[in-house]
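> got a structure for you, letters missing:
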């Protein structure tokens, strides 16, 4: 059962802490699970204007892309319970991609992804993704993440990180959608 207020807000942490301090970048997320999917908003604050974005922001809305994680990309991992989970990627140029995994990193690109709507708003010092994912069933857990490319290097963002190296697929870092 979902709590009365389902909107969950997070301040994401960069795995590369020293680089985050140098760049001044900040990333926050809002997730609202529903019985059929979720609403996702990811905001990148860039007070020092170091964020690297493509020159064609928003020009490929709705197009499917590949290897979006190689540049600035919002991601969210979602499970309806049990082992299977989804990974959704959203690039600032409007492209998206979806992956379906049976267990940890076992699976691949989904040939029949759920319904996705997404768009990016870019203003000086800030960019924001707003996305809705429908048709995946009730959400049991999720993991809002981002890869952000800056003029000083790439940063990996999540609510929490494992030691060693960033790994957004680790299920112990997914958040329970039914808890406040």
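In hand now; what should we look at? None of these values were measured; they are calculated from a predicted model. Numbers count the residues shown, from 1 in each chain.

> who touches residue 129 in this structure?
If a contact means Cβ atoms under 8 Å, 6 or more residues apart in numbering, then residue 129 has 40-43, 74, 90, 92, 118-120 as its contacts. Placement of C-beta: from N, CA and C, glycine included.

> go with 10 Å
Contacts for residue 129 (Cβ atoms under 10 Å, 6 or more residues apart in numbering) come out as 29, 40-44, 73-76, 90-92, 118-121, 146.

> can you flag the buried ones in those residues?
Listed as buried from the contacts of residue 129 are 29, 40-44, 73-76, 90-92, 118, 120, 146; burial here means 16 or more other Cβ atoms under 10 Å.

> how about the helices of the chain, start to end?
Using DSSP state H, the helices found in the chain span residues 17-23.

> so where is it shaky, pLDDT-wise?
By pLDDT under 70, the weakly predicted segments of the chain are 1-5, 180.

> tell me, what residue is most central in this protein?
residue 75 (2.3 Å; Cα atoms, centre = their mean).

> quick one: that residue and residue 118 touch, right?
No. Taking Cβ atoms under 10 Å as the definition, residue 75 is not a contact partner of residue 118, at 11.9 Å.

> quickly list what's touching both of those two.
Contact criterion Cβ under 10 Å, 6+ apart; residues shared by residue 75 and residue 118: 40, 88, 90, 129.

> nearest residue to the residue nearest to the centre of the chain other than its sequence neighbours?
What sits nearest to residue 75 in space, not counting adjacent residues and going by Cβ to Cβ, 6 or more residues apart in numbering, is residue 145, at 4.6 Å.

> understood, closing this out.
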